[in-house]
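Enquirer: Structure for the following, please:
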Amino acid sequence: MGYGRLHPAPNVAYGTVRLLYQTASREYVEFLRANNPYPGYNNGEILYDLWQQSGQSTPELMAAAPFGRFGAYLPLVVK
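Expert: From the prediction side, this is the model:
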């Protein structure tokens, strides 16, 4: 299976796979704030404050790939 081919499960009608990139997650920034290796220096707190003020590193869409049958119809149910 190559990187350019998607093989959805047989029950899946359609969907989109999205690849997101986030520079720094909340967990990572909070870890750096809590585990400052140099007592007296507030670099972790400064980074946390800047991260909060600048949008908290929202995820950016890098790529998207649709897959499946886009012309899928629901089954007709007759009573």
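Enquirer: Show me the shaky parts of the chain.
Expert: Scanning the chain with the threshold set as pLDDT under 70 gives 1-12, 68-79.
Enquirer: so where do the helices sit in this protein?
Expert: All helices of the chain, identified by DSSP state H, fall at 26-34, 43-53.
Enquirer: mind giving me JSON lines with these and columns for mean neighbour count?
Expert: Where C-beta positions appear, they are placed from N, C-alpha and C, glycine not excepted. JSON lines is the format used below for the helices of the chain (neighbours: other CB atoms under 10 Å):
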{"stretch": "helix 26-34", "mean neighbour count": "14"}
{"stretch": "helix 43-53", "mean neighbour count": "13"}
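Enquirer: For residue 63, which of those helices is the nearest?
Expert: helix 26-34 (22.6 Å; CB to CB).
Enquirer: could you dump the helices of the chain to a markdown table with distance to residue 18?
Expert: Output for those, formatted as a markdown table (distance: least, CB to CB, whole Å):
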| stretch | distance to residue 18 |
| --- | --- |
| helix 26-34 | 20 |
| helix 43-53 | 23 |
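Enquirer: closest to residue 16 out of those?
Expert: So among these, helix 26-34 is nearest, using CB to CB, at 25.1 Å.
Enquirer: Compute the inter-axis angle for that closest one and helix 43-53.
Expert: Angle, helix 26-34 to helix 43-53, by axes from the mean of the first three to the mean of the last three CA atoms, to 10 degrees: 140 degrees.
Enquirer: Can I get helix 26-34 in PDB? Just the C-alpha atoms.
Expert: Provided in PDB are the C-alpha atoms of helix 26-34 (Å, rounded to 0.1, in the frame of the first residue of the first chain):
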ATOM      1  CA  ARG A  26      -1.400  22.800  25.400                       C
ATOM      2  CA  GLU A  27       0.200  19.800  27.200                       C
ATOM      3  CA  TYR A  28       3.700  20.600  25.900                       C
ATOM      4  CA  VAL A  29       3.500  24.300  26.900                       C
ATOM      5  CA  GLU A  30       2.100  23.500  30.300                       C
ATOM      6  CA  PHE A  31       4.900  20.900  30.800                       C
ATOM      7  CA  LEU A  32       7.600  23.500  29.900                       C
ATOM      8  CA  ARG A  33       6.000  25.900  32.300                       C
ATOM      9  CA  ALA A  34       5.800  23.400  35.200                       C
END
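Enquirer: Please consider this matter closed, and thank you.
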